[in-house]
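Peer 1: model the structure of this input:
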Amino acid sequence: MPAGLDLNYTSEHQERAIGNIVAQAMMSMKRQAASGPTLVTAKDRQSKMSKLAAKEALLSRWLRTEGGLMKIAANLANPVRQFLDYKGIARKFVIVEQIPDGIPIYFDKDLPKVPATRIGSDGSNRIVEMTASRTYVEPFALTAKPKIPYDQLYTLKYRPIARTKDRLIEGIELQEDLLWFSLWGSNATLFNTAVTTTGKFLKQDLADVFAKVEDHRLVVRNVLMSAFGTSAIRSWQFQDLDQLGMQEVRETGYLGTMWGANFWVSDQIPKGTVYVICDPKFFAWQPIRKDLEVIPANDPDNFWLGFNGYLLESMLLFNPLGIAQLNFTLS
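Peer 2: Numbers count the residues shown, from 1 in each chain. All right, here's what the predicted structure looks like:
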(Lines give C-alpha, C1' and ligand atoms only; values in the text may rest on other atoms or scores of the structure.)
Protein backbone atom coordinates (compact mmCIF):
# COMPACT_ATOMS: atom_id res chain seq x y z
CA MET A 1 0.00 0.00 0.00
CA PRO A 2 1.45 3.44 -0.84
CA ALA A 3 2.55 5.69 2.04
CA GLY A 4 0.30 8.48 3.17
CA LEU A 5 -3.00 6.74 2.40
CA ASP A 6 -5.97 8.90 3.33
CA LEU A 7 -8.39 6.53 5.06
CA ASN A 8 -11.26 9.01 4.78
CA TYR A 9 -11.05 8.93 0.99
CA THR A 10 -13.10 6.10 -0.56
CA SER A 11 -11.91 4.44 -3.75
CA GLU A 12 -12.01 1.03 -5.35
CA HIS A 13 -8.23 0.62 -5.13
CA GLN A 14 -8.10 1.49 -1.43
CA GLU A 15 -10.96 -0.88 -0.70
CA ARG A 16 -9.28 -3.70 -2.57
CA ALA A 17 -5.87 -3.08 -0.92
CA ILE A 18 -7.29 -2.88 2.59
CA GLY A 19 -9.39 -5.99 2.01
CA ASN A 20 -6.38 -7.96 0.79
CA ILE A 21 -4.25 -6.98 3.78
CA VAL A 22 -7.02 -7.75 6.28
CA ALA A 23 -7.66 -11.11 4.61
CA GLN A 24 -3.96 -11.97 4.58
CA ALA A 25 -3.60 -11.05 8.24
CA MET A 26 -6.58 -13.20 9.22
CA MET A 27 -5.39 -16.18 7.15
CA SER A 28 -1.92 -15.84 8.68
CA MET A 29 -3.36 -16.00 12.18
CA LYS A 30 -5.50 -19.03 11.26
CA ARG A 31 -2.50 -20.86 9.79
CA GLN A 32 -0.46 -20.15 12.88
CA ALA A 33 -3.19 -21.51 15.12
CA ALA A 34 -3.76 -24.64 13.01
CA SER A 35 -0.15 -25.57 12.25
CA GLY A 36 2.09 -27.37 14.66
CA PRO A 37 5.74 -26.61 15.44
CA THR A 38 7.92 -26.41 12.34
CA LEU A 39 11.65 -26.03 11.79
CA VAL A 40 12.52 -22.59 10.39
CA THR A 41 15.78 -20.76 9.95
CA ALA A 42 16.67 -17.53 11.71
CA LYS A 43 16.37 -15.65 8.43
CA ASP A 44 12.88 -17.04 7.79
CA ARG A 45 11.83 -16.19 11.33
CA GLN A 46 13.13 -12.64 11.04
CA SER A 47 11.39 -12.10 7.69
CA LYS A 48 8.14 -13.51 9.01
CA MET A 49 8.24 -11.37 12.15
CA SER A 50 8.97 -8.21 10.16
CA LYS A 51 5.97 -8.86 7.88
CA LEU A 52 3.68 -9.51 10.82
CA ALA A 53 4.93 -6.39 12.60
CA ALA A 54 4.25 -4.27 9.51
CA LYS A 55 0.71 -5.65 9.21
CA GLU A 56 0.03 -5.15 12.92
CA ALA A 57 1.30 -1.56 12.75
CA LEU A 58 -0.92 -0.86 9.75
CA LEU A 59 -3.99 -2.34 11.44
CA SER A 60 -3.22 -0.38 14.63
CA ARG A 61 -3.07 2.83 12.63
CA TRP A 62 -6.43 2.04 11.02
CA LEU A 63 -8.00 1.31 14.41
CA ARG A 64 -7.13 4.79 15.66
CA THR A 65 -9.18 6.59 13.00
CA GLU A 66 -12.88 6.59 12.26
CA GLY A 67 -12.29 6.07 8.56
CA GLY A 68 -10.03 3.10 9.24
CA LEU A 69 -12.63 1.46 11.47
CA MET A 70 -15.29 1.89 8.81
CA LYS A 71 -13.05 0.33 6.17
CA ILE A 72 -12.15 -2.66 8.36
CA ALA A 73 -15.80 -3.21 9.25
CA ALA A 74 -16.80 -3.05 5.59
CA ASN A 75 -14.21 -5.66 4.62
CA LEU A 76 -15.15 -8.02 7.46
CA ALA A 77 -18.88 -7.84 6.76
CA ASN A 78 -20.59 -10.62 4.83
CA PRO A 79 -23.83 -10.49 2.85
CA VAL A 80 -26.96 -12.11 4.26
CA ARG A 81 -27.13 -15.41 2.36
CA GLN A 82 -29.97 -17.87 1.92
CA PHE A 83 -27.66 -20.87 1.35
CA LEU A 84 -24.02 -21.81 0.90
CA ASP A 85 -22.19 -21.01 -2.32
CA TYR A 86 -21.98 -23.85 -4.83
CA LYS A 87 -18.59 -25.52 -5.25
CA GLY A 88 -17.88 -27.57 -8.37
CA ILE A 89 -17.10 -31.26 -7.80
CA ALA A 90 -17.32 -32.85 -11.26
CA ARG A 91 -13.57 -32.55 -11.81
CA LYS A 92 -13.05 -34.97 -8.92
CA PHE A 93 -14.51 -37.74 -11.10
CA VAL A 94 -12.53 -37.23 -14.32
CA ILE A 95 -9.00 -36.78 -15.58
CA VAL A 96 -8.33 -33.05 -15.98
CA GLU A 97 -5.51 -32.12 -18.33
CA GLN A 98 -4.23 -28.70 -19.35
CA ILE A 99 -3.61 -28.61 -23.12
CA PRO A 100 -0.91 -26.21 -24.41
CA ASP A 101 -1.87 -23.56 -26.94
CA GLY A 102 -1.89 -24.71 -30.55
CA ILE A 103 -1.80 -28.43 -29.72
CA PRO A 104 -4.75 -30.43 -31.15
CA ILE A 105 -7.00 -32.05 -28.56
CA TYR A 106 -7.18 -35.79 -29.24
CA PHE A 107 -6.82 -39.17 -27.60
CA ASP A 108 -5.74 -42.56 -28.88
CA LYS A 109 -7.85 -45.59 -28.04
CA ASP A 110 -6.22 -48.65 -26.56
CA LEU A 111 -5.14 -51.50 -28.80
CA PRO A 112 -7.70 -54.29 -29.31
CA LYS A 113 -7.67 -57.50 -27.31
CA VAL A 114 -5.30 -60.23 -28.45
CA PRO A 115 -6.91 -63.67 -28.15
CA ALA A 116 -4.60 -66.66 -27.73
CA THR A 117 -5.32 -69.80 -29.75
CA ARG A 118 -4.05 -73.34 -29.55
CA ILE A 119 -2.13 -74.30 -32.67
CA GLY A 120 -1.45 -77.89 -33.73
CA SER A 121 1.95 -79.16 -34.76
CA ASP A 122 1.20 -78.64 -38.43
CA GLY A 123 -0.73 -75.37 -38.04
CA SER A 124 0.23 -71.76 -38.58
CA ASN A 125 -0.09 -68.81 -36.20
CA ARG A 126 -2.93 -66.37 -36.75
CA ILE A 127 -1.91 -62.73 -37.23
CA VAL A 128 -3.80 -60.07 -35.24
CA GLU A 129 -3.62 -56.59 -36.75
CA MET A 130 -3.11 -54.03 -33.95
CA THR A 131 -4.57 -50.75 -35.19
CA ALA A 132 -5.63 -48.05 -32.74
CA SER A 133 -8.05 -45.27 -33.68
CA ARG A 134 -7.51 -41.60 -32.87
CA THR A 135 -10.37 -39.33 -31.81
CA TYR A 136 -10.25 -35.52 -31.98
CA VAL A 137 -12.27 -33.44 -29.53
CA GLU A 138 -13.59 -29.92 -30.17
CA PRO A 139 -13.49 -27.40 -27.30
CA PHE A 140 -16.36 -25.17 -26.23
CA ALA A 141 -16.52 -22.04 -24.09
CA LEU A 142 -18.31 -21.24 -20.85
CA THR A 143 -18.71 -17.52 -20.22
CA ALA A 144 -20.28 -15.15 -17.71
CA LYS A 145 -20.54 -11.34 -17.69
CA PRO A 146 -21.77 -9.95 -14.34
CA LYS A 147 -21.96 -6.18 -13.81
CA ILE A 148 -22.72 -4.02 -10.77
CA PRO A 149 -23.61 -0.30 -10.62
CA TYR A 150 -21.15 2.19 -9.14
CA ASP A 151 -23.42 3.15 -6.26
CA GLN A 152 -23.24 -0.40 -4.88
CA LEU A 153 -19.60 0.28 -3.94
CA TYR A 154 -20.66 2.90 -1.43
CA THR A 155 -24.00 1.63 -0.16
CA LEU A 156 -23.34 -2.06 0.60
CA LYS A 157 -21.69 -3.12 3.87
CA TYR A 158 -19.63 -5.87 2.24
CA ARG A 159 -17.24 -5.71 -0.72
CA PRO A 160 -19.47 -6.02 -3.81
CA ILE A 161 -16.55 -6.40 -6.25
CA ALA A 162 -15.10 -9.42 -4.46
CA ARG A 163 -18.57 -10.89 -3.98
CA THR A 164 -19.40 -10.46 -7.69
CA LYS A 165 -16.22 -12.30 -8.61
CA ASP A 166 -17.12 -15.14 -6.23
CA ARG A 167 -20.60 -15.46 -7.75
CA LEU A 168 -19.11 -15.50 -11.26
CA ILE A 169 -16.83 -18.42 -10.38
CA GLU A 170 -19.76 -20.18 -8.72
CA GLY A 171 -21.87 -19.84 -11.87
CA ILE A 172 -19.15 -21.24 -14.15
CA GLU A 173 -18.50 -24.21 -11.85
CA LEU A 174 -22.22 -24.93 -11.61
CA GLN A 175 -22.65 -24.92 -15.38
CA GLU A 176 -19.62 -27.20 -15.78
CA ASP A 177 -21.05 -29.66 -13.26
CA LEU A 178 -24.47 -29.66 -14.93
CA LEU A 179 -22.90 -30.56 -18.27
CA TRP A 180 -21.00 -33.47 -16.72
CA PHE A 181 -24.04 -34.66 -14.76
CA SER A 182 -26.13 -34.73 -17.94
CA LEU A 183 -23.46 -36.88 -19.64
CA TRP A 184 -23.44 -39.30 -16.73
CA GLY A 185 -27.21 -39.54 -16.65
CA SER A 186 -27.43 -40.36 -20.35
CA ASN A 187 -24.66 -42.99 -20.20
CA ALA A 188 -25.29 -44.67 -16.84
CA THR A 189 -27.71 -47.26 -18.26
CA LEU A 190 -26.18 -47.85 -21.70
CA PHE A 191 -24.38 -51.03 -20.60
CA ASN A 192 -25.23 -51.41 -16.91
CA THR A 193 -28.84 -52.04 -15.94
CA ALA A 194 -29.98 -49.70 -13.19
CA VAL A 195 -30.75 -51.13 -9.76
CA THR A 196 -34.17 -49.95 -8.56
CA THR A 197 -35.57 -50.19 -5.07
CA THR A 198 -38.71 -48.95 -3.34
CA GLY A 199 -38.11 -46.59 -0.46
CA LYS A 200 -34.70 -45.68 0.88
CA PHE A 201 -31.89 -47.86 -0.46
CA LEU A 202 -30.14 -50.37 1.75
CA LYS A 203 -26.51 -51.35 1.97
CA GLN A 204 -27.17 -54.43 -0.19
CA ASP A 205 -28.66 -52.23 -2.93
CA LEU A 206 -25.49 -50.18 -3.00
CA ALA A 207 -23.38 -53.35 -3.11
CA ASP A 208 -25.36 -54.56 -6.13
CA VAL A 209 -24.59 -51.33 -8.00
CA PHE A 210 -20.89 -51.64 -7.12
CA ALA A 211 -20.94 -55.12 -8.64
CA LYS A 212 -22.28 -53.71 -11.93
CA VAL A 213 -19.09 -51.70 -12.40
CA GLU A 214 -16.72 -54.25 -10.91
CA ASP A 215 -18.04 -56.90 -13.28
CA HIS A 216 -16.13 -55.09 -16.06
CA ARG A 217 -12.79 -55.36 -14.21
CA LEU A 218 -13.09 -51.79 -12.97
CA VAL A 219 -12.62 -50.43 -9.46
CA VAL A 220 -15.23 -48.09 -7.99
CA ARG A 221 -13.66 -44.88 -6.75
CA ASN A 222 -16.56 -42.41 -6.37
CA VAL A 223 -20.23 -42.43 -5.37
CA LEU A 224 -22.38 -39.38 -6.13
CA MET A 225 -25.84 -38.77 -4.69
CA SER A 226 -28.25 -36.09 -3.60
CA ALA A 227 -28.99 -35.13 -0.01
CA PHE A 228 -31.80 -37.71 -0.02
CA GLY A 229 -29.22 -40.42 -0.66
CA THR A 230 -27.36 -39.25 2.42
CA SER A 231 -30.67 -39.43 4.29
CA ALA A 232 -30.87 -43.12 3.42
CA ILE A 233 -27.38 -43.76 4.79
CA ARG A 234 -28.24 -41.96 8.02
CA SER A 235 -31.03 -44.46 8.56
CA TRP A 236 -28.68 -47.47 8.40
CA GLN A 237 -28.31 -49.48 11.60
CA PHE A 238 -25.28 -50.90 13.39
CA GLN A 239 -25.64 -54.09 11.30
CA ASP A 240 -24.81 -52.03 8.19
CA LEU A 241 -21.89 -49.93 9.45
CA ASP A 242 -18.99 -50.68 11.75
CA GLN A 243 -18.29 -48.60 14.84
CA LEU A 244 -16.11 -46.07 13.01
CA GLY A 245 -18.68 -45.64 10.24
CA MET A 246 -21.51 -45.15 12.71
CA GLN A 247 -19.46 -42.59 14.62
CA GLU A 248 -18.66 -40.69 11.42
CA VAL A 249 -22.32 -40.55 10.39
CA ARG A 250 -23.41 -39.62 13.91
CA GLU A 251 -20.89 -36.78 14.27
CA THR A 252 -20.84 -35.32 10.75
CA GLY A 253 -24.04 -36.63 9.15
CA TYR A 254 -22.08 -37.95 6.17
CA LEU A 255 -20.24 -41.11 5.21
CA GLY A 256 -16.91 -40.14 3.68
CA THR A 257 -15.63 -43.46 2.34
CA MET A 258 -16.71 -47.08 2.13
CA TRP A 259 -15.38 -50.07 0.16
CA GLY A 260 -12.54 -47.90 -1.16
CA ALA A 261 -14.88 -45.32 -2.73
CA ASN A 262 -15.35 -41.65 -1.85
CA PHE A 263 -18.91 -40.43 -1.26
CA TRP A 264 -20.00 -37.06 -2.69
CA VAL A 265 -23.23 -35.08 -2.33
CA SER A 266 -24.66 -32.53 -4.77
CA ASP A 267 -28.02 -30.77 -4.84
CA GLN A 268 -27.91 -30.90 -8.67
CA ILE A 269 -28.34 -34.68 -8.78
CA PRO A 270 -31.91 -36.05 -9.17
CA LYS A 271 -33.29 -36.71 -5.70
CA GLY A 272 -33.80 -40.45 -6.15
CA THR A 273 -30.54 -41.20 -7.99
CA VAL A 274 -27.11 -42.51 -6.99
CA TYR A 275 -24.21 -42.78 -9.44
CA VAL A 276 -21.42 -45.30 -8.82
CA ILE A 277 -18.36 -44.39 -10.87
CA CYS A 278 -15.03 -46.09 -11.52
CA ASP A 279 -11.50 -44.69 -11.32
CA PRO A 280 -11.21 -41.41 -13.31
CA LYS A 281 -8.46 -42.70 -15.61
CA PHE A 282 -10.85 -45.39 -16.91
CA PHE A 283 -13.88 -43.13 -17.11
CA ALA A 284 -13.74 -39.60 -18.52
CA TRP A 285 -11.39 -36.91 -19.77
CA GLN A 286 -11.60 -33.13 -19.45
CA PRO A 287 -8.96 -31.39 -21.58
CA ILE A 288 -8.74 -27.68 -20.80
CA ARG A 289 -7.47 -25.29 -23.41
CA LYS A 290 -7.87 -22.22 -21.21
CA ASP A 291 -8.85 -22.58 -17.56
CA LEU A 292 -11.24 -20.14 -15.95
CA GLU A 293 -10.00 -16.56 -16.21
CA VAL A 294 -11.76 -13.57 -14.69
CA ILE A 295 -10.83 -10.19 -16.18
CA PRO A 296 -12.26 -6.70 -15.52
CA ALA A 297 -14.88 -5.50 -18.00
CA ASN A 298 -16.02 -2.09 -16.76
CA ASP A 299 -18.50 0.16 -18.54
CA PRO A 300 -17.60 3.68 -17.28
CA ASP A 301 -19.92 5.44 -19.73
CA ASN A 302 -22.92 3.86 -17.98
CA PHE A 303 -21.31 3.75 -14.52
CA TRP A 304 -21.07 -0.03 -14.31
CA LEU A 305 -18.30 -2.23 -12.94
CA GLY A 306 -18.06 -5.80 -14.16
CA PHE A 307 -16.08 -8.88 -15.04
CA ASN A 308 -15.82 -11.33 -17.89
CA GLY A 309 -15.35 -14.98 -17.02
CA TYR A 310 -14.06 -17.29 -19.76
CA LEU A 311 -13.35 -21.03 -19.77
CA LEU A 312 -12.42 -23.03 -22.88
CA GLU A 313 -12.54 -26.80 -22.44
CA SER A 314 -13.81 -30.15 -23.72
CA MET A 315 -15.63 -33.05 -22.08
CA LEU A 316 -15.45 -36.70 -23.05
CA LEU A 317 -16.95 -39.73 -21.34
CA PHE A 318 -15.09 -42.52 -23.12
CA ASN A 319 -16.10 -45.55 -21.02
CA PRO A 320 -19.81 -45.97 -20.18
CA LEU A 321 -18.95 -49.32 -18.58
CA GLY A 322 -17.52 -47.40 -15.64
CA ILE A 323 -20.79 -45.92 -14.34
CA ALA A 324 -23.88 -47.57 -12.86
CA GLN A 325 -27.06 -46.09 -11.44
CA LEU A 326 -29.18 -46.78 -8.37
CA ASN A 327 -32.79 -45.53 -8.33
CA PHE A 328 -34.81 -45.24 -5.13
CA THR A 329 -37.99 -43.53 -3.96
CA LEU A 330 -38.18 -40.90 -1.28
CA SER A 331 -40.91 -42.53 0.77
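
Peer 1: CA only for contacts and neighbour counts going forward, please
Peer 2: Noted.

Peer 1: test my guess that residue 290 contacts residue 143.
Peer 2: No - counting by C-alpha atoms under 8 Å, residue 290 does not reach residue 143; the two are 11.9 Å apart.

Peer 1: quick check: neighbours shared by these two?
Peer 2: Shared contacts of residue 290 and residue 143, defined by C-alpha atoms under 8 Å, 6 or more residues apart in numbering, are found at residue 311.

Peer 1: tell me where the stretch 1-150 of the chain has helices.
Peer 2: With DSSP state H, counting those that start in this stretch as the criterion, the stretch 1-150 of the chain has helices at 12-34, 42-63, 66-76.

Peer 1: name the element residue 249 belongs to?
Peer 2: helix 243-252 (DSSP states H and E).

Peer 1: can you list the strands that the helix or strand just after that helix pairs with?
Peer 2: Moving toward the C-terminus from helix 243-252, the first helix or strand encountered (DSSP H and E) is strand 257-258. Strand 257-258 pairs in its sheet with strand 261-265 (antiparallel), by DSSP bridges.

Peer 1: how about residues contacting the strand it pairs with?
Peer 2: 220, 221, 222, 223, 224, 225, 226, 227, 230, 255, 256, 257.

Peer 1: please name the bridge partners of the first one.
Peer 2: Read it as residue 220. Going by DSSP bridges, residue 220 forms beta bridges with residue 278.

Peer 1: tally of neighbours for it?
Peer 2: By other C-alpha atoms under 10 Å, the residues close to residue 220 number 24.

Peer 1: so it sits against residue 213, correct?
Peer 2: Yes - counting by C-alpha under 8 Å, residue 220 touches residue 213, with 6.9 Å between them.

Peer 1: got any residues that touch both of those two?
Peer 2: 276, 277, 278.

Peer 1: just say helix, strand or coil for residue 327.
Peer 2: Under the three-state scheme (DSSP: H, G, I helix; E, B strand; the rest coil), residue 327 adopts strand.

Peer 1: could you pull up the residues touching it?
Peer 2: Counting by C-alpha under 8 Å, 6+ apart, residue 327 has contacts 194, 195, 196, 197, 272, 273, 274.

Peer 1: and it, how close does it get to residue 104?
Peer 2: 39 Å (C-alpha to C-alpha, to the nearest Å).

Peer 1: residues contacting residue 257?
Peer 2: Counting by C-alpha under 8 Å, 6+ apart, residue 257 has contacts residue 263.

Peer 1: give the bridge partners for it, please.
Peer 2: Bridge pairing for residue 257 - DSSP bridges - gives residue 262.

Peer 1: for the longest helix along the chain, packing partners?
Peer 2: For the chain, the helix that runs over the most residues, judged by DSSP state H, is helix 160-187. With contacts defined as 3 or more C-alpha pairs under 8 Å, 6 or more residues apart in numbering; DSSP states H and E, helix 160-187 has these neighbours: strand 140-144, strand 147-149, helix 152-155, strand 304-313.

Peer 1: whatever helix or strand comes next after the last one pairs with which strands?
Peer 2: Elements were assigned by DSSP H and E; along the chain past strand 304-313, the next helix or strand is strand 316-317. Each strand that strand 316-317 pairs with, and the sense of that pairing, follows from DSSP bridges: strand 284-296 (antiparallel).

Peer 1: so what angle separates the directions of the partner strand and strand 140-144?
Peer 2: Calculated by axes from the mean of the first three to the mean of the last three C-alpha atoms, to 10 degrees, strand 284-296 forms an angle of 40 degrees with strand 140-144.

Peer 1: would you mind checking the average pLDDT for strand 284-296?
Peer 2: Here strand 284-296 scores 91 as its mean pLDDT.

Peer 1: buried stuff in that strand?
Peer 2: By neighbour count on 16 or more other C-alpha atoms under 10 Å, the buried set for strand 284-296 is 284, 285, 286, 287, 288, 289, 290, 292, 294.

Peer 1: of the shared contacts of residue 220 and residue 213, which is the nearest to residue 309?
Peer 2: Nearest to residue 309 among the shared contacts of residue 220 and residue 213, counting by C-alpha to C-alpha, is residue 277 at 30.2 Å.

Peer 1: re the thing from before, turn the contacts of residue 327 into JSON lines, including pLDDT.
Peer 2: Putting those into JSON lines (pLDDT from 0 to 100) gives the following:
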{"residue": "194", "pLDDT": "94"}
{"residue": "195", "pLDDT": "95"}
{"residue": "196", "pLDDT": "94"}
{"residue": "197", "pLDDT": "93"}
{"residue": "272", "pLDDT": "92"}
{"residue": "273", "pLDDT": "95"}
{"residue": "274", "pLDDT": "96"}
